[in-house]
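In: Coordinates for the following, if possible.
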Amino acid sequence: MRILLLGEYSNVHATLASGLRQLGHHVVVASNGDFWKDYPRDIDLARRPGKLGGLSLMAKVYGYLPQWRGFDVVQLINPMFLELKAERLFPIYRYLRRHNGKMVLGAMGMDWYWVHECTYAKPLRYSDFNFGSRVRTDEEAEKYRHDWLCTKKGDLNRLIAADCDAIVSVLYEDHVCYLPYYPEKLHFIPLPIQLPEAHAKPEKWQSPLKIFIGISKGRSVYKGTDVMLRAAEDVMKRYPGKMTLMKAEGVPFIQYQHMMDGADAILDQLYSYSPSMNPLLAMSKGIICIGGGEPENYQILGEKELQPIINVEPSYDSVYHELESLLLHPEKIDQLKGQSIAYVRRHHDFIKVARQYERLYMSI
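Out: Alright, predicted model coming up:
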């Protein structure tokens, strides 16, 4: 098959492309590299700052459009699949729809369904937009509501979701937000991870406990990184010499993944039910994830044996307690490290995931 993957989110499309190519498909990835993360792509669609940057990107995209014809499948990472205003994307989507085979929408990252459902229907006990029945009102959450609800972005999202041939969710949270609207065309496929062979067996743990945390530019409060960081720093103060903390802030992906090497555990996404790409990459290296590991995450995968994620509730006390517990019970560390690798191999190996996409593409 000829497959065009448009847009990027935490290295999903670049990794999926590697798997699909190994299965013999011709794949083109066109993206902006997910901003500063600078993930690999075949066609660079990064936008330079300012109005001229937008005009330049528009010209570049329209120059590529004749080449983006005749693909068997075009997959969009998100309704905002290019770094342009939503108004500019309507005609580009219609062009792609008209000149290619099947269209697939990724339910990945921020979109209208995620914002709307978590704000109003609240299918999750907690999320980026609610704590139980209480709606989050912090600045970042309000910004995303203003961005997606009753806007052209939201209109674009609903148009593509209604028109496309399939929608792919990659996390339990995204799945439940699309499920009430498109139960027939919605498909859950786990995130793809390229496993590092060098970490097939983690080295035996040695003190001190080494904790890694990645801090996204301008999204620390929204993602709960500020809470997790404060809890980790307080545990480290209480147990001097027994724990170290490594921080990566706004660095490119290549540097980020090298910085996490040697860590024992990663703190990631306080308000998530499921591990995303960065903690899964860490787990593939034998690094324990402290973050999103709710029962629903294992249920959607059909996993009843391997449950290595140290799940935390969305609070300082929960993060502090779980970190302290791991520090005081080091006998669990090696077992959790080994189970983390096995978990990623079982559910997220990029070749296995690529085969699931292959089956989906063939079925539509």
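In: Every contact and neighbour count from this point should use C-alpha atoms.
Out: Noted.
In: The residue most central in space within the chain: what's it in contact with?
Out: The residue lying closest to the centre of the chain (Cα atoms, centre = their mean) is residue 276, at 4.4 Å. Residues counted as contacts of residue 276 (Cα atoms under 8 Å, 6 or more residues apart in numbering) are 171, 191.
In: make it 10 Å
Out: With contact set as Cα atoms under 10 Å, 6 or more residues apart in numbering, residue 276 has these partners: 10, 12, 170, 171, 190, 191, 268, 269, 291, 292.
In: Please pick the buried ones from those residues.
Out: Among these, those scoring as buried are 10, 12, 170, 171, 190, 191, 268, 269, 291, 292 (criterion: 16 or more other Cα atoms under 10 Å).
In: and the second one, what are its phi and psi?
Out: Backbone torsions of residue 12, given as degrees, to the nearest 10, read phi -60, psi -50.
In: Does it touch residue 109 like I think?
Out: No - under the criterion of Cα atoms under 10 Å, residue 12 makes no contact with residue 109, lying 11.1 Å away.
In: who touches both of those two?
Out: 77, 170.
In: and the contacts of residue 276, which two are the farthest apart?
Out: Within the contacts of residue 276, 12 and 291 form the most distant pair, 19.8 Å apart (Cα to Cα).
In: any chance you could map the strands in the chain?
Out: All strands of the chain, identified by DSSP state E, fall at 2-6, 26-31, 43-44, 73-76, 102-107, 130-131, 134-135, 166-169, 186-188, 209-215, 243-249, 265-268, 288-291, 310-311.
In: who does the first one touch, helix- and strand-wise?
Out: Translated: strand 2-6. Contacts defined by 3 or more Cα pairs under 10 Å, 6 or more residues apart in numbering; DSSP states H and E place strand 2-6 against helix 12-22, strand 26-31, strand 73-76, strand 102-107.
In: cool, and the fifth one?
Out: In this structure, strand 102-107 makes packing contacts with strand 2-6, strand 73-76, helix 86-99, helix 152-163, strand 166-169, helix 172-178, strand 186-188, helix 350-363, judged by 3+ Cα pairs under 10 Å, 6+ apart.
In: Between the ones you listed, which one is closest to residue 316.
Out: helix 172-178 (21.8 Å).
In: Give me the mean pLDDT for stretch 302-321.
Out: Averaged across stretch 302-321, pLDDT comes to 97.
In: For that stretch, buried residues please.
Out: For stretch 302-321, by 16+ other Cα under 10 Å, it's 307, 308, 309, 310, 311, 312, 313, 314, 316, 318, 319, 320.
In: From the chain's centroid, how far away is it?
Out: Distance, stretch centre to chain centre, for stretch 302-321: 18 Å (Cα atoms, centre = their mean, to the nearest Å).
In: Same question for stretch 47-61.
Out: Remark: stretch 47-61 is offset 26 Å from the chain centroid, using Cα atoms, centre = their mean.
In: heads up, I number from 666, so please use that
Out: Sure, I'll start numbering at 666, so the last one becomes stretch 712-726.
In: Not counting its own residues, what contacts it?
Out: So stretch 712-726 is contacted by 695-697, 700, 709-711, 728-729, 733, 747-750, 753-754, 757 (Cα under 10 Å, 6+ apart).
In: From the residues you listed, list just the buried residues.
Out: 695, 696, 697, 700, 710, 711, 733, 747, 748, 754.
In: which two from those residues end up farthest apart in space?
Out: Greatest spacing in these, by Cα to Cα: 700 and 733 (22.2 Å).
In: Only alpha carbons, please: show the helix or strand of the chain with the lowest mean pLDDT as CSV.
Out: Every helix and strand of the chain was ranked by mean pLDDT, DSSP states H and E. The lowest is helix 885-888, at a mean of 76. Taking C-alpha atoms only, helix 885-888 is exported to CSV below (Å, rounded to 0.1, in the frame of the first residue of the first chain):
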residue,chain,number,x,y,z
SER,A,885,3.7,22.1,33.6
VAL,A,886,0.6,23.0,35.6
TYR,A,887,-1.8,21.6,32.9
LYS,A,888,-0.1,18.2,32.9
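In: Residues contacting it, please?
Out: Contact with helix 885-888 is made by 792-794, 801, 803-806, 879-881, 891-894, 933-937, as judged by Cα under 10 Å, 6+ apart.
In: Filter the residues you listed down to the buried ones.
Out: Listed as buried from the contacts of helix 885-888 are 792-794, 801, 805-806, 879-881, 892-894, 933-937; burial here means 16+ other Cα under 10 Å.
In: and the helices and strands packed on strand 767-772 as TSV, adding distance to residue 961?
Out: Output for those, formatted as TSV (distance: least, Cα to Cα, whole Å):
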stretch	distance to residue 961
strand 667-671	29
strand 738-741	26
helix 751-764	33
helix 817-828	24
strand 831-834	14
helix 837-843	7
strand 851-853	13
helix 1015-1028	20
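In: I'd like these written out as JSON lines, with mean pLDDT and distance to residue 787 added.
Out: Shown next, in JSON lines, are the helices and strands packed on strand 767-772 (pLDDT from 0 to 100; distance: least, Cα to Cα, whole Å):
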{"stretch": "strand 667-671", "mean pLDDT": "98", "distance to residue 787": "30"}
{"stretch": "strand 738-741", "mean pLDDT": "98", "distance to residue 787": "26"}
{"stretch": "helix 751-764", "mean pLDDT": "98", "distance to residue 787": "26"}
{"stretch": "helix 817-828", "mean pLDDT": "98", "distance to residue 787": "18"}
{"stretch": "strand 831-834", "mean pLDDT": "98", "distance to residue 787": "18"}
{"stretch": "helix 837-843", "mean pLDDT": "98", "distance to residue 787": "9"}
{"stretch": "strand 851-853", "mean pLDDT": "98", "distance to residue 787": "19"}
{"stretch": "helix 1015-1028", "mean pLDDT": "98", "distance to residue 787": "29"}
